[in-house]
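Asks: Sequence and predicted structure, then a few things I'm wondering about:
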Amino acid sequence: AQTVTQSQPEMSVQEAETVTLSCTYDTSENNYYLFWYKQPPSRQMILVIRQEAYKQQNATENRFSVNFQKAAKSFSLKISDSQLGDTAMYFCAFMKRGSQGNLIFGKGTKLSVKP
Amino acid sequence: NAGVTQTPKFRILKIGQSMTLQCTQDMNHNYMYWYRQDPGMGLKLIYYSVGAGITDKGEVPNGYNVSRSTTEDFPLRLELAAPSQTSVYFCASRPLGGMNTEAFFGQGTRLTVV
């Protein structure tokens, strides 16, 4: 069975600074996808960024980028130029290829961006 | 563009009561899912469906039932509510084709069983 671990229950960062959220996962699969989801106080789950395991290049989406280390089973999220609107819970998620799209989530990291 | 719509947004149930959480999507997605989110935890899969008439259990299906009579609707049924079912419930959908496609989530239903 796959597991996803987020070791930082809470983090804070000053506005305009950079923060990195950690995620590790355990799997024996070779073909899979990794995601970061954002959950603001509104509860809406919003996809931030995704990574295909077969791609060595790290995914980037504007201020968001990942450091994907397949051998180490590590998938961290870097947020640059943090904004107040980035305050939210962040969930790392794993999806095995061919699993009907079922997502396995970590417990989340609560990020607070301070003015 | 409504996306994934869940009703109700909040509900309080008494132990032993039953209710149906409604979920509908207007994107013609084949895949639909029900997750629950307990305090301080990530989402866990309850049931999923790969198309009308086809459903399957996820990680935590006990105490729940689902049906998928149409592409659009995927209701979740609680027959005998228990305090352990106090949680936030999310419905999600995903299009067929390409396993890296984005899952679209509803805004959740906060259920309290007392």
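Replies: Thanks, I have it.
Asks: Neighbours of residue 56, how many?
Replies: Looking at chain A here, since you left the chain open. 8 (other Cβ atoms under 10 Å in any protein chain shown). C-beta here means a position set from N, CA and C on the backbone, and glycine is covered the same way.
Asks: I was thinking of chain B, sorry if that wasn't clear
Replies: 13.
Asks: Show me what the one helix or strand it maps to is packed up against.
Replies: Using DSSP states H and E, residue B:56 maps to strand B:54-57. With contacts taken as 3 or more Cβ pairs under 8 Å, 6 or more residues apart in numbering or on different chains; DSSP states H and E, strand B:54-57 sits against strand B:43-51.
Asks: Using neighbour counts, pick out the buried residues of stretch A:59-66.
Replies: Applying a neighbour-count criterion of 16 or more other Cβ atoms under 10 Å in any protein chain shown, one finds A:59, A:64, A:65, A:66 buried in stretch A:59-66.
Asks: now the third one, nearest residue through space, not along the chain?
Replies: Using Cβ to Cβ, 6 or more residues apart in numbering or on different chains and skipping residues adjacent in sequence, the residue nearest residue A:65 is residue A:78, 5.0 Å away.
Asks: Show residues contacting the helix or strand encompassing the one you found.
Replies: Element membership for residue A:78 (DSSP H and E) is strand A:74-79. Here strand A:74-79 makes contact (Cβ atoms under 8 Å, 6 or more residues apart in numbering or on different chains) with A:13, A:18-25, A:34, A:36, A:48-49, A:51, A:63-69, A:86, A:90, A:92, A:111.
Asks: Narrow those residues to those in strands?
Replies: A:13, A:19-21, A:24-25, A:34, A:36, A:48-49, A:51, A:64-69, A:90, A:92, A:111 (DSSP state E).
Asks: Could you list the contact residues of chain A toward chain B?
Replies: A:4, A:9, A:33, A:42-45, A:47, A:50, A:52, A:91, A:93, A:95, A:97-108 (Cβ under 8 Å from any Cβ of the partner chain).
Asks: Can you list which of these are found in strands?
Replies: A:4, A:33, A:47, A:50, A:52, A:91, A:93, A:95, A:104, A:105.
Asks: As JSON lines, the residues you listed with pLDDT would be great.
Replies: Compiled in JSON lines, these are given as follows (pLDDT from 0 to 100):
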{"residue": "A:4", "pLDDT": "96"}
{"residue": "A:33", "pLDDT": "92"}
{"residue": "A:47", "pLDDT": "94"}
{"residue": "A:50", "pLDDT": "94"}
{"residue": "A:52", "pLDDT": "91"}
{"residue": "A:91", "pLDDT": "97"}
{"residue": "A:93", "pLDDT": "96"}
{"residue": "A:95", "pLDDT": "92"}
{"residue": "A:104", "pLDDT": "94"}
{"residue": "A:105", "pLDDT": "96"}
